[in-house]
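Asker: got a predicted structure here, sequence first:
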Amino acid sequence: MLEQLLQAGVNGILLGGVYGGFAVGLSLILGVLRIVNIAHSAVLIIGALGYWQLVNGLGLDPLLAIVPIVLLGYLLGLGVQRGVAHYLRRESDTTVLLAFFGLMVVIETIAIIVWTTDTKTLDLHYLGGVLDLGFLRVPVARVVAAGLSFALLVALHLFLTRTLTGSAIRGLSSNRDVAEMVGIDGNRLSRHVFAMSIAFSAFGGTALALVVPFTPQDHLRWLAWAFLVVILGGLGSALRTLVAGVVIGVVESVVGVLLPFQYTYLVLYGLLAVVLLVRNQGLGGLKARSL
Amino acid sequence: MTATQTGTTQRSSPELRLEQVTAGYFANDVVLDQVSLRVRPGAVTAVLGPNGSGKSTTLRVLSGFLAPRSGRVLLGEEDITALRVGERLHRGVSLLPQGRSVFPELTVLENLRLGAWTLRHNRAAMNGAVEAMLERYPSLRAFRDKPAGSLSGGQARLVEFARLLITRPAVLLIDEPSVGLAPVLVDEVYDEIIRLKQEGRTILLVDQNVQAAIEIADEVYTLAYGRNHLEGGRDRFEGQLDELIRGWLSL
């Protein structure tokens, strides 16, 4: 039993790293730009499908193939910001939500037309093995996906807290008028924050594809998961998103060992309710309102 | 260029003018109706008026947050009407907005560095500018690594003054400097504005605190219903404050 729990704990930490990686884009857009990007999971799926195409279709190295997906995510983000989000910046939250819902439907439909609804499993090449540590067995792909997520989230945290541009993004999140008053070009910075968030979401798709099989249609489940991470972690902080992802991953894995699997959601949403009641704004408390 | 008390220098100051500006926030409203005013270099110009007379809108037009429907904003000979906030800051027009305007989650140092955002391509200049402000307001040094949101009202105001001055602007636009402050801090704020005046800076002061503003001002404009009402030197208004305020109450 103890071994089983330990195994579940390690699995949970790794899975949690992946959850953090695929939720941080949502957190960033919500925290800085105040946009509820309901199309977030559709971007995850497009990232996962594009990645699958490069690795399974073109035979690219599964580690190298992440790079073009993230870059394409950034470009897609720039395009969506210019083509959609920019025009919605003075609209009500409901209008923005509806517009992004529409975007989600469009992306999902395109994904189904191009890739069909068949379940996709990534060809892991040399990442397909299992690390055998005696009492622990961990799939290599899961370690890689979690490791990359951890590294990217820590890098994002350092970027936001240690650089002048990071300060400007946090300033923009806190008070856009004052940010513009000191000379920050709010529109330009918003465009890049949006693109960066979409690039992170595209990365999240690749991390997901490394860990689980997927279809274009099951992204709504991941959307619920991403919102769970963001609400638990509070807005816009990379480190808190990571911690929230790990908490959810561990709870999910450990509960899976202790209780029948149908209790997992009940426990997770119960945990969420308790955190919200006690801490008001997620794990970070009230300060987590912005970055 | 004028030497200031701290040894830093400010840019030589051109005149800032509003010419026949009409402006509003929605399609049909007219908050400012053909308003004109001059902010003379090296002097304090006060814009006074009752609530809703268009004082803050005047500042929004001057700072570039609101584009006028007609009329011009001129800095020296240059027409800056179409320039955005950041571009005006580059030309030396800096705003101290009404109320608390620090970034609360950012440290004092981060607030100051963002204040010097326009110097970001020259880090040595940026660090020098931050250091100059810490010299000017030495009490901030102890708080430099604290989140600005944890400061008292007076300390936060100092951060805002430092941020206003950090790029050595030629023209300072100051909006309702004492609003929301504890009465004990109000005098300190006006003392700081007097210090800025003594340094020979060009200041446009929009204020509801009529008495304090007129004491500092060299020239005074009053607005009523979004139009120019009275204008003149301080002596024209001194001793007539009661009459002025009574007039506003009956408007």
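Answerer: Yes, it's here.
Asker: neighbours of the nearest residue to A:P139 once chain neighbours are set aside, how many?
Answerer: What sits nearest to A:P139 in space, not counting adjacent residues and going by C-beta to C-beta, 6 or more residues apart in numbering or on different chains, is A:V130, at 5.4 Å. Any C-beta I mention is one placed from the backbone N, CA and C, and that applies to glycine too. Using other C-beta atoms under 10 Å in any protein chain shown, A:V130 is surrounded by 12 other residues.
Asker: A:V130 reaches A:R142, doesn't it?
Answerer: No - checked against C-beta atoms under 8 Å, the pair A:V130 and A:R142 is beyond contact range at 9.4 Å.
Asker: which residues does the residue in chain A positioned nearest to chain B contact?
Answerer: Nearest residue of chain A to chain B: A:G183, at 4.0 Å (C-beta to the nearest C-beta). Counting by C-beta atoms under 8 Å, 6 or more residues apart in numbering or on different chains, A:G183 makes contact with B:85-86, B:89-90, B:117-118, B:167.
Asker: try it again at 6 Å.
Answerer: Contacts here follow C-beta atoms under 6 Å, 6 or more residues apart in numbering or on different chains; on that basis A:G183 touches B:86, B:89, B:117-118.
Asker: got it, and B:L164?
Answerer: By C-beta under 6 Å, 6+ apart, B:L164 lies in contact with B:94, B:96.
Asker: quick one: the strand or helix carrying it to chain centroid distance?
Answerer: Element membership for B:L164 (DSSP states H and E) is helix B:153-165. Helix B:153-165 has its C-alpha centroid displaced from the chain centroid by 12 Å (C-alpha atoms, centre = their mean, to the nearest Å).
Asker: how about stretch A:164-178?
Answerer: With C-alpha atoms, centre = their mean, you get 22 Å for stretch A:164-178.
Asker: ok, it near chain B or not?
Answerer: Yes - Stretch A:164-178 reaches chain B (C-beta under 6 Å from any C-beta of the partner chain) through A:164, A:167, A:170-171, A:174, A:178.
Asker: show the buried residues in these.
Answerer: For the residues of stretch A:164-178 next to chain B, a neighbour count by 16 or more other C-beta atoms under 10 Å in any protein chain shown gives the buried set as A:167, A:170-171, A:174, A:178.
Asker: in strands, which of the contacts of A:G183 fall?
Answerer: If you go by DSSP state E, the contacts of A:G183 have nothing in strands.
Asker: and those residues near chain A, which?
Answerer: Applying C-beta under 6 Å from any C-beta to the contacts of A:G183, those adjacent to chain A are B:86, B:89, B:117-118.
Asker: return the set of buried residues in the strand or helix carrying A:G245.
Answerer: Using DSSP H and E, A:G245 sits within helix A:238-258. The neighbour-count check on helix A:238-258 (16+ other C-beta under 10 Å) flags A:238-257 as buried.
Asker: just the buried positions in the helix or strand following that helix, please.
Answerer: As assigned by DSSP H and E, the chain's next helix or strand after helix A:238-258 is helix A:263-279. Buried positions in helix A:263-279, judged by neighbour count with 16+ other C-beta under 10 Å: A:264, A:267-268, A:271-272, A:275.
Asker: OK, contacts around whatever residue of the stretch 151-251 of chain B ends up closest to chain A?
Answerer: Among the residues of the stretch 151-251 of chain B, B:R163 lies closest to chain A, at 6.8 Å counting by C-beta to the nearest C-beta. Listed by C-beta under 6 Å, 6+ apart, the contact partners of B:R163 are B:G115.
Asker: give me the pLDDT for the residue nearest to A:P139.
Answerer: Looking at A:V130, its pLDDT stands at 87.
Asker: now do the helix or strand containing B:L109 against helix B:153-165, angle only.
Answerer: If you go by DSSP H and E, B:L109 is part of helix B:108-115. When axes from the mean of the first three to the mean of the last three C-alpha atoms, to 10 degrees is applied, the directions of helix B:108-115 and helix B:153-165 differ by 30 degrees.
Asker: any idea how far helix B:108-115 is from the chain center?
Answerer: Distance of helix B:108-115 from the chain centroid (C-alpha atoms, centre = their mean) equals 19 Å.
Asker: please work out which residues outside that helix touch it.
Answerer: Contacts of helix B:108-115 (C-beta under 6 Å, 6+ apart): A:167, A:171, A:182, B:102-103, B:130, B:133, B:140, B:143-144, B:148, B:159, B:162-163, B:166.
Asker: go again using 8 Å as the cut-off
Answerer: Contact with helix B:108-115 is made by A:164, A:167-168, A:170-171, A:179, A:182, A:184, B:102-103, B:106, B:126, B:130, B:133-134, B:140, B:143-146, B:148, B:151, B:159, B:162-164, B:166-167, as judged by C-beta under 8 Å, 6+ apart.
Asker: buried subset of these?
Answerer: Among those, those classed as buried by 16+ other C-beta under 10 Å are A:167-168, A:170-171, A:179, A:182, A:184, B:102-103, B:106, B:126, B:130, B:133-134, B:140, B:143, B:148, B:151, B:159, B:162-164, B:166-167.
Asker: and the longest helix seen in chain B, what does it pack onto?
Answerer: As assigned by DSSP state H, the longest helix anywhere in chain B is helix B:183-198. In terms of contacts (3 or more C-beta pairs under 8 Å, 6 or more residues apart in numbering or on different chains; DSSP states H and E), helix B:183-198 is packed against helix B:153-165, strand B:202-206, helix B:210-216.
Asker: what's the least confident stretch among these?
Answerer: Minimum mean pLDDT among the helices and strands packed on helix B:183-198: helix B:210-216, a mean of 87.
Asker: show me what it is packed against.
Answerer: strand B:44-48, helix B:183-198, helix B:241-249.
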